[in-house]
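Trainee: Predicted model and sequence follow; I will ask about them next.
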Amino acid sequence: MKIKFLMIGLLGLSTLTAVAQKGVLKDAQQSYDDYTVANTQKLLAAKAKASITDAKTAIDKASVNDKTATLPQTYALEGAIYAALATMDTTASAATATLITTAQEAIKKAKDADTKGEFKKLITDAGNNLAIYFQAQGVKQYQGGKFEQAYQSFDNWSQATGDTTAVYYAALAATNAGSTNPKFYPYVITNYNKLLAINYSQNAKIYGYLSIIYLTTKDTANALKTISAGVAKYPSNADLRGQEIKFYLMAGKDTEILGKLESAVAGDPKNKELCYYAGLSYTRVGDASNAKAAKAKDAATKNTESKAAADDYAKAADYYKKALAIDANYVEANINLGNVMMKPAIDFYNQANSLPSNATQKQYDDLRAKADVQFDLALPYLQKAVDLDPKSFAALSNLWNYYRGKYDKAHAAENKTKADEIKKQMDANPEKTQ
């Protein structure tokens, strides 16, 4: 009988101990709840601080007791309380780092242990508390130019809550960090792709930003793929469309972009840049045909490629003229129009000088006359380009070629003097090696 009573006594004591520890967990929950209420009001700041301190005292006891240490509620409360304490320390001290580490570990354990989702809200609160801390730290670091640290803070914020703003900020911080430490560019790509995978409100811009990062990392294929995907998803976005055109031109894919350029001009005929880029693309396609003609070994191929080049140059000239109809002082359009109109003149000039020794004077004069007609058609644009930008090496070079090629006996000495003066300006021009 004594043994029986003794066992009952021990069981009773064990039950009382478990109840006591559950009471400590209840105290932790109550103190944390008091903190969350008081923390929303500045006048109750002191009460909030006292409540979170009491909550820590209680949860520390619960977390080391065998009966409560591995309960989902214990982990969730520990994460929420320690994260809340971290938000109160603005110095980012070593002690704060310990609080953050403890909170992160507790939240992970809580998610694993809470299989029934009973403490989902508490776990979410814990994540939000961490987010408040990491957001504040990240903004401070970003504004202070500490982009690598800012990225880490924003990434931690993102992991704590999955907030899309955190993902976006992490990408921005990594972009800035990447300018001095390229290892951060993959983080930019990862975070921007996360946003593109969901219906993020700024995704039109994200397509553009991501394609630029791909170009920066010399991944032209993904840059073109991304920007084209952006245009397909947001067909009315002029910025994306313009960016796509520029990227294709930069990649030398003029043939592939011509159709889109023509459609873009048709849809926005008053856009001088679109007209200019269409002209530029046709110029480069014409140059490619001209190069093929120069290498052709048979007359048929040479004639076919020469005609293709002439047609493309004519189309280029039309687009440049459209750009100038919108803005007569568009420097680049003047330079390129003068250049493309002078190409036939240079061809005639070279043909005249390449005539065989048995050619007649009339054949030579006819070719030079044709050259002079084309030279004179180009002159207004050549001169306008130099007038608009006297330091442009391209503009000076084009005008120099005019005065070298123009056949004018009456003004031969005058033209030579002008050519020599322009050559001096070219030689002194810092752009001459470009």
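Mentor: Now that the structure is in, tell me what you want to look at.
Trainee: For the stretch 51-200 of the chain, just list every one of the helices.
Mentor: Assigned helices in the stretch 51-200 of the chain, in chain order: 72-87, 94-113, 120-143, 147-161, 164-178, 185-196 (criterion: DSSP state H, counting those that start in this stretch).
Trainee: Can I get those in JSON lines including mean pLDDT and distance to Ala369?
Mentor: (Each C-beta comes from the backbone N, C-alpha and C, glycine too.) Formatted as JSON lines, the helices of the stretch 51-200 of the chain follow (pLDDT from 0 to 100; distance: least, CB to CB, whole Å):
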{"stretch": "helix 72-87", "mean pLDDT": "85", "distance to Ala369": "84"}
{"stretch": "helix 94-113", "mean pLDDT": "86", "distance to Ala369": "83"}
{"stretch": "helix 120-143", "mean pLDDT": "88", "distance to Ala369": "67"}
{"stretch": "helix 147-161", "mean pLDDT": "93", "distance to Ala369": "64"}
{"stretch": "helix 164-178", "mean pLDDT": "96", "distance to Ala369": "58"}
{"stretch": "helix 185-196", "mean pLDDT": "97", "distance to Ala369": "58"}
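Trainee: Deepest-packed of these, please.
Mentor: Most buried of the helices of the stretch 51-200 of the chain by mean neighbour count (mean count of other CB atoms under 10 Å) is helix 72-87; its value is a mean of 26.
Trainee: residues touching Phe147, list them.
Mentor: 141, 173-174, 176-177, 184 (CB atoms under 8 Å, 6 or more residues apart in numbering).
Trainee: Quick check: the two most widely separated of these?
Mentor: Greatest spatial distance in those: Gln141 and Phe184, 13.8 Å, computed using CB to CB.
Trainee: between the helices of the stretch 51-200 of the chain, which one is nearest to Asn334?
Mentor: Asn334 lies closest, by CB to CB, to one member of the helices of the stretch 51-200 of the chain: helix 164-178, at 36.1 Å.
Trainee: so which helix or strand takes in Pro235?
Mentor: Assigned by DSSP states H and E, Pro235 falls within no helix or strand.
Trainee: OK, contacts around it?
Mentor: Residues in contact with Pro235 (CB under 8 Å, 6+ apart) are Arg241.
Trainee: Number the chain from 700, please
Mentor: Sure, I'll start numbering at 700, so the last one becomes Pro934.
Trainee: separation between it and Asp953?
Mentor: Distance of Pro934 to Asp953, computed by CB to CB, to the nearest Å: 22 Å.
Trainee: what's the answer for Ser962, then?
Mentor: For Ser962 relative to Asp953 (CB to CB), the value is 15 Å.
Trainee: Tell me, how many residues neighbour Asp1119?
Mentor: By the criterion of other CB atoms under 10 Å, Asp1119 has 12 neighbours.
Trainee: any idea how this protein splits into domains?
Mentor: Per the record, the chain has its domains at 711-843, 954-1026, by automatic domain parsing.
Trainee: Surely Lys959 is in contact with Gln942?
Mentor: No - Lys959 lies out of contact with Gln942 (CB atoms under 8 Å); the separation is 12.0 Å.
Trainee: for the protein, what are the low-confidence residue spans?
Mentor: 700-721, 723-724, 726-727, 730, 732-737, 739-744, 789-791, 1130-1133 (pLDDT under 70).
Trainee: Spell out for me which residue occupies the centre of it.
Mentor: The chain has Tyr908 as the residue nearest its centroid, 2.1 Å off, counting by CA atoms, centre = their mean.
Trainee: what's the helix or strand harbouring that one packed up against?
Mentor: Element membership for Tyr908 (DSSP H and E) is helix 902-915. Applying 3 or more CB pairs under 8 Å, 6 or more residues apart in numbering; DSSP states H and E, one finds that helix 902-915 contacts helix 863-877, helix 884-895, helix 919-932, helix 937-949.
Trainee: same for the first one, what does it pack against?
Mentor: If contacts are counted by 3+ CB pairs under 8 Å, 6+ apart, helix 863-877 sits against helix 819-842, helix 846-860, helix 884-895, helix 902-915.
Trainee: redo that, cut-off 7 Å
Mentor: Helices and strands touching helix 863-877, by 3 or more CB pairs under 7 Å, 6 or more residues apart in numbering; DSSP states H and E, are helix 846-860, helix 884-895.
Trainee: about what we covered before: can you tell me how far the residue nearest to the centre of the chain is from Thr919?
Mentor: Note on Tyr908: its distance to Thr919, by CB to CB, is 16 Å.
Trainee: cool, Leu957 as well?
Mentor: 19 Å.
Trainee: swap in Thr814?
Mentor: Thr814 is 48 Å from Thr919, by CB to CB.
Trainee: Compare neighbour counts for the two and give me the winner.
Mentor: Higher neighbour count among Thr814 and Thr919: Thr919, with 17 against 8, using other CB under 10 Å.
Trainee: got the contact list for stretch 952-964?
Mentor: With contact meaning CB atoms under 7 Å, 6 or more residues apart in numbering, stretch 952-964 is reached by 940, 944, 947-948, 973-974, 976-977, 980, 983-984.
Trainee: Run the chain-centre distance for it.
Mentor: The chain centroid and the centroid of stretch 952-964 are separated by 22 Å under CA atoms, centre = their mean, to the nearest Å.
Trainee: Alpha carbons only: can I get that stretch in PDB?
Mentor: In PDB, the C-alpha atoms belonging to stretch 952-964 read as follows (Å, rounded to 0.1, in the frame of the first residue of the first chain):
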ATOM      1  CA  LYS A 952      20.700  41.100 -86.100                       C
ATOM      2  CA  ASP A 953      19.400  43.700 -88.500                       C
ATOM      3  CA  THR A 954      17.600  41.300 -90.800                       C
ATOM      4  CA  GLU A 955      15.700  39.800 -87.900                       C
ATOM      5  CA  ILE A 956      14.500  43.200 -86.600                       C
ATOM      6  CA  LEU A 957      13.600  44.900 -89.800                       C
ATOM      7  CA  GLY A 958      10.000  43.600 -89.900                       C
ATOM      8  CA  LYS A 959       9.400  44.800 -86.300                       C
ATOM      9  CA  LEU A 960      11.000  48.200 -87.100                       C
ATOM     10  CA  GLU A 961       8.800  48.800 -90.000                       C
ATOM     11  CA  SER A 962       5.700  47.800 -88.000                       C
ATOM     12  CA  ALA A 963       6.900  50.100 -85.200                       C
ATOM     13  CA  VAL A 964       7.300  53.000 -87.500                       C
END
